[in-house]
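**Student:** Sharing a sequence plus its predicted fold:
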Amino acid sequence: MSTPAAHGEPALTIVVPAFNEADRLEVGFARLGAAVEQGAVDLQRTEVIVVDDGSTDNTAERARDVLGGYPRARVLRLARNAGKGAAIRAGVAEARGGAVAFMDADMAIDPAHIPDLLAALDSADLAIGARSMPGSLAEGDTLGRNLMGRAFNRVVNAVTGVSLDDTQCGFKGFRAPVARLLFHAVAIDRFAFDVEVLCTARRLGLSIAEVPVHWVHVRGSRIRPLRDAASMVSDLAGRRVGLHAPRTVEAVAVSAPGEAAARARRLVARSTPVLARPDGALVLFPLSPPEQVARDAARLRSAFGDGSARRLTVSVGELARMARAAPLAVEAGHGADAPEPAGPGDLGPVGPERSDGALAHPPSH
């Protein structure tokens, strides 16, 4: 992901989910500030989105304070607590970067590892921090937490077959179209959302890189090892027996010879996933508002002809079957998006706020 940002777009969006984190945001963002001073993060090319997940304290206001000097920053607020996965999904839906990473509000993983994530994305669809692989360092971890984490990871690998060292590390990065597709597809919003994201990535044949990280225990952690592990296992069991319905995504199938995928990418919004197919291309609209889908579908019909650009919905299962036949090459559109929000550094109102805490344009099921 070393390609320079074009047209003033950020190269990276960092999404920070936060629930009742008013007292820890300043400390966490001090660690991000240190990474900026070290040259690991370029704020001119980095967008930061804090998503207040229905906090009952003044998390949103504190977030506005700590982001006051950032040239590209926004605060989103969900009206009710919907879960870490739901908060990250809201941030991904708003992200404008060519890559999207998420990290916890306490920045327990050193943000100086952000270049490692981006370097891994040069050859992988997503990259995850791994606290137990060679080269990693964990400070202040207790024996109980360490054993619980390793035990849960063994359960996850046994149940899902994802074969990864650390599924729960709160430090993950994605190429932007991959982030949109995966967070649209997953249905678990709370503790096991990481696992479902990784399982879905494996199911779609997407490549996953692991990078060693420096993790430090931060006082005030909201993780409750026994209770949260039980909740995650319950979520995984529900996923296995189909209690979490698979989601579908709006799409346009283009039937055209030649470089259909390259032509389609020029017509659709940035970060829209475009899949090359033997008979043309499949343009997907995960986490996309209806007006964007209608606009880009009209562009595709105009360019390729009504008979060659057909709107449809595609399930994750159908995408997985495509992946079994040939690896999915998820490329990003690079057409014009909607106008940028208010100027650099303007955090605007704390929003969007919705009574149900859900996205304004939830994915279809």
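**Tutor:** Okay, I see it.
**Student:** I'd like the distance from stretch 267-275 to the chain centre, please.
**Tutor:** 16 Å (C-alpha atoms, centre = their mean, to the nearest Å).
**Student:** Please verify my assumption that residue 284 contacts residue 253.
**Tutor:** No - in terms of C-beta atoms under 8 Å, residue 284 does not count as a neighbour of residue 253; the distance is 10.1 Å. For every residue, glycine as well, the C-beta is placed using N, CA and C.
**Student:** When those two are compared, which one has more neighbours?
**Tutor:** Taking neighbours as other C-beta atoms under 10 Å, residue 284 and residue 253 compare with residue 284 leading, 22 against 18.
**Student:** got a pLDDT number for the closest residue in space to that one that isn't next to it in sequence?
**Tutor:** Nearest residue to residue 284, sequence neighbours excluded (C-beta to C-beta, 6 or more residues apart in numbering): residue 273, at 4.4 Å. With respect to pLDDT, residue 273 has a value of 97.
**Student:** what about residue 88, neighbour count?
**Tutor:** The local packing of residue 88 (other C-beta under 10 Å) involves 27 other residues.
**Student:** For it, report the pLDDT, please.
**Tutor:** 97.
**Student:** ditto for the one 10 residues further on
**Tutor:** At residue 98 the predicted local distance difference test score is 96.
**Student:** What separation do you get for it and residue 66?
**Tutor:** Taking C-beta to C-beta, to the nearest Å as the measure, residue 98 falls 24 Å from residue 66.
**Student:** try residue 14
**Tutor:** Relative to residue 66, residue 14 is positioned 13 Å away (C-beta to C-beta).
**Student:** Give me the more crowded residue out of those two.
**Tutor:** Using other C-beta under 10 Å as the criterion, residue 14 and residue 66 rank with residue 14 on top: 25 against 21.
**Student:** and that one, bridged to which residues?
**Tutor:** Residue 14 has the following beta-bridge partners by DSSP bridges: residue 48, residue 101.
**Student:** My read is that it contacts residue 101, right?
**Tutor:** Yes - with contacts counted by C-beta under 8 Å, residue 14 reaches residue 101, the gap being 5.4 Å.
**Student:** where do the contact lists of these two overlap?
**Tutor:** Taking C-beta atoms under 8 Å, 6 or more residues apart in numbering as the contact criterion, the common neighbours of residue 14 and residue 101 are residue 114.
**Student:** For the residue nearest to residue 284, what are phi and psi?
**Tutor:** phi -70, psi 130 (degrees, to the nearest 10).
**Student:** Could you pull out the strands in this protein for me?
**Tutor:** Along the chain, the segments classed as strands by DSSP state E run 12-18, 46-53, 73-78, 99-103, 126-130, 137-139, 171-175, 208-212, 214-216, 248-255, 273-277, 280-284, 309-315, 330-332.
**Student:** Next, count neighbours for the closest residue to residue 308 other than its chain neighbours.
**Tutor:** Once its chain neighbours are removed from consideration, residue 308 has its nearest residue in residue 255; the separation is 4.9 Å (C-beta to C-beta, 6+ apart). By other C-beta under 10 Å, 15 other residues sit near residue 255.
**Student:** Contacts only, for residue 255.
**Tutor:** Shown in contact with residue 255 (C-beta under 8 Å, 6+ apart): 279-280, 304, 308-310.
**Student:** Spit out the contact partners of the nearest residue to residue 94 once chain neighbours are set aside.
**Tutor:** Spatial nearest neighbour of residue 94, excluding adjacent residues (C-beta to C-beta, 6+ apart): residue 49 at 6.0 Å. By C-beta under 8 Å, 6+ apart, the residues touching residue 49 are 13-16, 73-76, 91, 94-95.
**Student:** do you know how far residue 49 is from residue 109?
**Tutor:** Taking C-beta to C-beta as the criterion, residue 49 is separated from residue 109 by 18 Å.
**Student:** re earlier: weed out the non-buried ones from the contacts of residue 255.
**Tutor:** 280, 304, 308-309 (16 or more other C-beta atoms under 10 Å).
**Student:** Tell me the one of these nearest residue 263?
**Tutor:** Closest to residue 263 out of those is residue 304 (7.8 Å), distances taken as C-beta to C-beta.
**Student:** Let me know whether that closest one touches residue 256 as I believe.
**Tutor:** Yes - using C-beta under 8 Å, residue 304 is in contact with residue 256, at 5.4 Å.
**Student:** Common neighbours of those two, please.
**Tutor:** Counting by C-beta under 8 Å, 6+ apart, the residues touching both residue 304 and residue 256 are residue 263.
**Student:** What separation do you get for the residue nearest the centre of the chain and residue 56?
**Tutor:** Per C-alpha atoms, centre = their mean, the C-alpha nearest to the average position across the chain is that of residue 179, at 4.2 Å. With distances taken as C-beta to C-beta, residue 179 is found 28 Å from residue 56.
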